[in-house]
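*Asks:* How does the following fold in three dimensions:
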Amino acid sequence: MMKRLLTFMLLFAVVGAVSAQPLREDSKKSQRLMVKKPNVKALKKMKAHAFGRGITLTSDQAWFGYGDDENAENMGLAMDADYTLAVFIPYEKIAGKGATVDGLRFMLASAKAKNITAWVGTTLPKPGNYAKGADLEVKEVAASDVNLKGYTEVAFSKSYEIPQSGLWIGFSFEIEGLPEAPDDSEVSDDDYYDWYYDVYMPWLNDNLNDAYPFFGSFLDETMYGTMLFACNAYDDLYRTYAELDPANADLYLSSIGWDDYSDYGYAVALNALIGGGKFMNNAVSVEDFGQKYALINKEVTFPVTLTNSGKNGIQDFTYEVAINGTKVSEKTIKLNSPVDKLLGKTTIDLTFPTGDKSGTQDILLTITKVNGEANEIKASAKGAIFVLAESAKMKPLVEEYTGTWCGWCTRGWVALDLLTKDFKDDAVIYAVHNGDPMEIDAFEPVVGAMATGFPSLSINRTRTIDPYYGSDEITYKDYAVKDDVEAAKADLAPAAVTVKAAWANDAKTKINIETETKVMFDEAESSIAIGYVLVADGLKGTGRDWAQANYYSGNASVTGDLQKLTEMDEYIIGMEFNHVAVAAWGASNGVEGSIKGAVKAGEPIVGQFVADLDGLLIGTDRTSSDPDDHVTVLDLIKDKKLHVVAFLVNKQTGEVLNANEVALSDKAETGIKSLNEKASTISERFNISGQRIAAPQKGLNIIKLSNGKTVKVLVK
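*Replies:* All right, here's what the predicted structure looks like:
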């Protein structure tokens, strides 16, 4: 039975050597199963959609959907299953108060689909009755009425006014007749894998539309309710897990129900027919476009996102720009690709000047006209440029998200080894583990925000890419992530940090960390904080959870640096894990108060932090009620090579601005020197925050001497 359950999971998890593995159930995200096939050539036939089949729109109706349906790709489970997809229809954002949902349309590619329904409800149908449980209307759709090469359009029996709480629309269907795995009581592991590679994978490549029967697209940003997914097969699987593992039954049973893929930017090809006749004609809203850093007398380009709320779409628009409260320009832009869909979005690159002074340039962008007519809604957006007098050297922070349970994550293991050699002094690189003996609490918010799957990798927390192939999603060039790190290394650095670290006590339970930070722009109140990470090399362990899964084992098609993985076992026993984050303080938004108050461009800010390791637990057993299961960080890192990382993070945006690291000294020392002030000539004195002070203050003081040297004094 257990092999069959594992087989069930394998059918959707193992897609190909270049696919990001879906998140585990015990990760803090809900994503379970969705697979987007990268085989674009096989999908071209299905992309020739015959739109608009079935319903003739009246003058007060329009179609509304979230995704880029014309470029949607096949998605699904590649197994027999009951599918249910849903999207949320918001109140008053499309056609005003009184707007209605009159029908829907969806795209379904498989001729094997049966028991097809379309539905609308004020709430989502409950588990076990997804296809029939909507509280407003459920309409059966004959398989013969399904358009397998475009939209299938369904009119409801009446119009349903959209309440303030919104409406849900959806469609459901069943797929049967896909290949079943051999019974585990009848075959060996070798026979099963022979079946998988010799029977199942060839079938999969020849039957994409049955294996991946519905369509979805990926948005550049998340929008609530663009794609929810439910599956009775998964519900049954979790109930089975609960029976097999009663101690964790509540955890498995809590996984039953809907998964919101909106959080990952997915949108399903499912549109609502909106009626009500209160559409605006020319209406555009605009979203705040964030912050960037730039040098004096340069220009900065921001991607600015517009949303259409008018029936006439967006052909062109006029905008005004004010910087620090003063209007500086007005321009009109004609779109190369007009936006026609309600709530359809487009992103335009707009360029703004930085001026000739360092400091913050607050930008206010206002959309005044749409298609030559006055914009029917008030639409303004904010952005900011931090103008720098000079740039520091960028040392990007590279974080890989991985786990021993993840069979594709071995490519990240290879990549990190290569990156740490190629960027020894030019980047800060470490692995963040999830769901295994090296998982730590501090990084849970970072993993939740940045990991799009396992393995994945972020650079300065501005984007997430593959840890080996990088952002090269077309050719999958070997070790292309090196190019991404090279590009990040060349980025502008708005601040610099240096770090020193040494054990603070003989017991080696506390670490003194000293930093010197230079910010390259003036700021009345610092938006920057410092985070600290302890990184270990040479980690090993015994037991099942330390065995690294390896899906590359025996795969003759693998090329480049990954070839060595093909010679390793399917589960690698005794693997040594290097560059592992084993503890962190302020991992997400930095340590509160690490940089506070006003900052002056170029002036050093000296800080000290005591990192306490005493009692810190590591691994998935750290929450166990049995103390005998607990492993401490101190136990795991004993006699290991350690580094301390300090990184600068923008507290508002989460972007890492720069980073540095240092080997942890074996000597238990503070690094703080005493000073006979009477025998020395003091030119300046600063407190720990880098603020100039006139007299000694209790705590750490930074003293500049007349001979040009700087020392630290601990005033008691």
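
*Asks:* Ignoring the adjacent residues along the chain, who's closest to the spatially most central residue of the chain?
*Replies:* Nearest to the mean C-alpha position of the chain, by Cα atoms, centre = their mean, lies Met450 at 3.4 Å. Excluding the flanking residues, the one nearest Met450 by Cβ to Cβ, 6 or more residues apart in numbering is Ser458, at 4.5 Å. Just so you know, the C-beta spots here come from the backbone N, C-alpha and C atoms, and that holds for glycine as well.

*Asks:* Let me see the contact set for Ile94.
*Replies:* Neighbouring residues of Ile94 by Cβ atoms under 8 Å, 6 or more residues apart in numbering: 64, 162, 274, 279, 309, 342-343.

*Asks:* Same check on Ser458?
*Replies:* Ser458 touches 398-399, 401, 450, 464-465, counting by Cβ under 8 Å, 6+ apart.

*Asks:* Distance of the spatially closest residue to Tyr571 that is not a sequence neighbour relative to Glu570?
*Replies:* Once flanking residues are discounted, Tyr571 sits nearest to Ala547: 4.3 Å by Cβ to Cβ, 6+ apart. With the distance defined as Cβ to Cβ, to the nearest Å, Ala547 ends up 9 Å from Glu570.

*Asks:* Same question for Ala598.
*Replies:* According to Cβ to Cβ, Ala598 and Glu570 sit 57 Å apart.

*Asks:* From Gly403, how far off is the residue nearest to Tyr571?
*Replies:* Counting by Cβ to Cβ - Ala547 and Gly403 are separated by 12 Å.

*Asks:* Then Ala487?
*Replies:* Distance of Ala487 to Gly403, given as Cβ to Cβ: 27 Å.

*Asks:* The two: which is more packed in?
*Replies:* Gly403 (28 against 13; other Cβ atoms under 10 Å).

*Asks:* So which residues make contact with the lengthiest strand in the chain?
*Replies:* The strand that spans the most residues within the chain, counting by DSSP state E, is strand 326-339. Residues from elsewhere that reach strand 326-339 (Cβ under 8 Å, 6+ apart): 306, 308, 313-322, 345-346, 348, 353, 368-369.

*Asks:* In its sheet, which strands sit next to the helix or strand following that strand, and in what direction?
*Replies:* Using DSSP states H and E, the helix or strand that directly follows strand 326-339 along the chain is strand 345-353. Partners of strand 345-353 in the sheet, by DSSP bridges, are strand 299-308 (antiparallel).

*Asks:* Dump the longest strand of the chain to PDB, restricted to CA.
*Replies:* Output of strand 326-339 as PDB, limited to C-alpha atoms (Å, rounded to 0.1, in the frame of the first residue of the first chain):
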ATOM      1  CA  THR A 326       6.300  69.400  -8.300                       C
ATOM      2  CA  LYS A 327       4.900  68.500 -11.800                       C
ATOM      3  CA  VAL A 328       7.700  67.800 -14.200                       C
ATOM      4  CA  SER A 329       6.100  66.200 -17.300                       C
ATOM      5  CA  GLU A 330       3.000  65.000 -19.100                       C
ATOM      6  CA  LYS A 331       3.000  62.400 -21.900                       C
ATOM      7  CA  THR A 332       0.700  60.200 -24.000                       C
ATOM      8  CA  ILE A 333       1.600  56.600 -24.900                       C
ATOM      9  CA  LYS A 334       0.000  54.400 -27.500                       C
ATOM     10  CA  LEU A 335       0.100  50.700 -26.700                       C
ATOM     11  CA  ASN A 336       1.600  48.300 -29.300                       C
ATOM     12  CA  SER A 337      -0.800  45.700 -27.900                       C
ATOM     13  CA  PRO A 338      -4.100  47.200 -26.800                       C
ATOM     14  CA  VAL A 339      -5.800  45.800 -23.700                       C
END
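
*Asks:* mean confidence for that strand?
*Replies:* Here strand 326-339 scores 95 as its mean pLDDT.

*Asks:* in that strand, what counts as buried?
*Replies:* Under the neighbour-count criterion of 16 or more other Cβ atoms under 10 Å, strand 326-339 has Val339 buried.

*Asks:* in its sheet, what does that strand sit against?
*Replies:* Strand pairing (DSSP bridges) places strand 326-339 next to strand 314-323 (antiparallel).

*Asks:* got the contact list for the partner strand?
*Replies:* The contact list for strand 314-323 (Cβ under 8 Å, 6+ apart) reads 284, 286, 306, 308, 327-335, 338-339, 344, 346, 350, 352-353, 355, 361-372, 375.

*Asks:* For the stretch 151-300 of the chain, which segments count as strands?
*Replies:* 151-161, 167-175, 214-218, 228-231, 259-260, 266-268, 270-275, 284-286, 290-295, 299-308 (DSSP state E, counting those that start in this stretch).

*Asks:* The ones you listed: which one's closest to Glu525?
*Replies:* Ranking the strands of the stretch 151-300 of the chain by proximity to Glu525 (Cβ to Cβ) places strand 290-295 first, at 14.6 Å.

*Asks:* I'm done for today, thanks for sticking with me.
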